[in-house]
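Trainee: Just need the structure, nothing else, for what follows:
(one chain, ligands or ions: 2)
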Amino acid sequence: MITRPYRSVLYIPASNARAMEKARTLSADAIIFDLEDAVTPAEKLPARDLLARALLADYGGRTRIVRINGLDTEWGEGDARAFAGAADAVLVPKVGRAADLDRVAALVPGAPLWAMMETPAGMLNAAAIAAHPRLQGMVMGTNDLLKDLGARTRPDRQPLMAGLGLCLLAARAHGRVIVDGVYNAFQDTAGLRAECEQGRDMGFDGKSLIHPAQLEAANEIFAPDADELDLARRQIAAFEQARAEGRGVAVLDGRIVENLHVETARARLKLAEAIAARAG
Ligand SMILES: CC(C)(COP(=O)(O)OP(=O)(O)OC[C@H]1O[C@@H](n2cnc3c(N)ncnc32)[C@H](O)[C@@H]1OP(=O)(O)O)[C@@H](O)C(=O)NCCC(=O)NCCSC(=O)C[C@H](O)C(=O)O
Ligand SMILES: [Mg+2]
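Mentor: Ligands and ions are numbered 1, 2, ... in the order given. Down below sits the predicted model:
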């Protein structure tokens, strides 16, 4: 199970020096420094230099992920070579099959890879992509996916559910981090909260974000709350007592507690500890 927090994963255009500086004090668990869609062609090379300088600064415990341009563009290979070892991970856009990761893996020996899951082919090949030995995490690209599907944005995200579900299954089958897509209306806090709650209930580790105003909701909603932690501690105590008495199943608040529930309870407590350590 994943215990490092990825509640809030903030995109920052690598062409925006002010935002990259600001991010050093923001409460994001991870930052995606974007060289791809948020950067115009004219800014691609200057952004690469700006980012190289920005990454010399201290980002505290925030995970630093660089989203490179695709290898089918004139910038992709140079981006990959420039940031191998300079960041915590390299995020590959529009991954359609596991071989797309092989090509980047060869350019960045040793660097953990993340995959943007945002094309119909990516959804259909999610299991093979998640199984890639260098893959650490997946990020849903729901804007690109909606575009490629010819689907419409809906509050219930019904058109996206098949893809979200396939990627979740693949990530969990292979023990990878998986982060939900962005909520574009960054001033609509109620809408964001509803989408975070939906993503959390589906099993995502966190939400990718586009504006600092979205951090608070994601950090709160993807963290275990006080009631959940209290229940986790009581489940562990009840189960340990049952075991000591020779029983394999405990009953707490009228519900059974088995070893699988205890496993989840321990993971939630570990996540809360990791969040507390980040805050500290
Ligand atoms: C959406 C924005 C263009 C809005 O920018 P702006 O108008 O400057 O916002 P504010 O004036 O409200 O900003 C207030 C302060 O916050 C800083 N700021 C803004 N955004 C960020 C950020 N992302 N990270 C860090 N800091 C940020 C401003 O500098 C202001 O600071 P100060 O000077 O102290 O007042 C902008 O938010 C933005 O560019 N967001 C990121 C957009 C992006 O990266 N898009 C690409 C990723 S989304 C995507 O592609 C997903 C996927 O691929 C898919 O297919 O779905
Ligand atoms: Mg995209």
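Trainee: Ligand 2 contacts on the chain?
Mentor: Applying C-beta under 5 Å from the ion, one finds that the chain approaches ligand 2 through Glu118, Gly141, Asp144. Using the backbone N, CA and C atoms, a C-beta is placed for each residue, glycine as well.
Trainee: Run through the residues that contact the first one.
Mentor: Which is Glu118. For Glu118, the contact set (C-beta atoms under 8 Å, 6 or more residues apart in numbering) comprises Pro93, Lys94, Met140, Gly141, Thr142, Asn143, Asp144, Leu145, Asp148.
Trainee: restrict those to those near ligand 1?
Mentor: Gly141, Thr142, Asn143, Asp144 (C-beta under 6 Å from any ligand atom).
Trainee: can you pick the most crowded of those?
Mentor: Neighbour counts for those (other C-beta atoms under 10 Å) peak at Gly141, which has 26 neighbours.
Trainee: Find the residue closest to it in space, skipping its chain neighbours.
Mentor: Spatial nearest neighbour of Gly141, excluding adjacent residues (C-beta to C-beta, 6 or more residues apart in numbering): Glu118 at 2.6 Å.
Trainee: just to revisit the earlier point, need the residues of the chain next to ligand 2 in TSV (columns: secondary structure and pLDDT).
Mentor: Listed next are the residues of the chain next to ligand 2 as TSV, based on DSSP: H, G, I helix; E, B strand; the rest coil; pLDDT from 0 to 100:
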residue	secondary structure	pLDDT
Glu118	coil	98
Gly141	coil	98
Asp144	helix	98
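Trainee: Now for the nearest residue to Gln187 once chain neighbours are set aside, how many residues are close by?
Mentor: Distance criterion C-beta to C-beta, 6+ apart; nearest residue to Gln187, sequence neighbours excluded, is Ala213 at 7.0 Å. Counted with other C-beta under 10 Å, residues neighbouring Ala213 total 13.
Trainee: Check Arg97 too.
Mentor: 15.
Trainee: What distance do you get for the nearest residue to it once chain neighbours are set aside to Ala19?
Mentor: Once flanking residues are discounted, Arg97 sits nearest to Asn125: 4.7 Å by C-beta to C-beta, 6+ apart. Between Asn125 and Ala19 the distance is 33 Å, computed by C-beta to C-beta, to the nearest Å.
Trainee: likewise Ala52?
Mentor: As defined by C-beta to C-beta, Ala52 lies at a distance of 16 Å from Ala19.
Trainee: Please name the residues that touch the closest residue to Pro120 other than its chain neighbours.
Mentor: Among residues not flanking Pro120 along the chain, Asp148 sits closest, at 5.5 Å (C-beta to C-beta, 6+ apart). Going by C-beta under 8 Å, 6+ apart, Asp148 touches Glu118, Thr119, Pro120.
Trainee: and those residues as JSON lines, adding distance to ligand 1?
Mentor: Shown next, in JSON lines, are the contacts of Asp148 (distance: C-beta to the nearest ligand atom, whole Å):
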{"residue": "Glu118", "distance to ligand 1": "5"}
{"residue": "Thr119", "distance to ligand 1": "10"}
{"residue": "Pro120", "distance to ligand 1": "13"}
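Trainee: With that, I have no additional questions.
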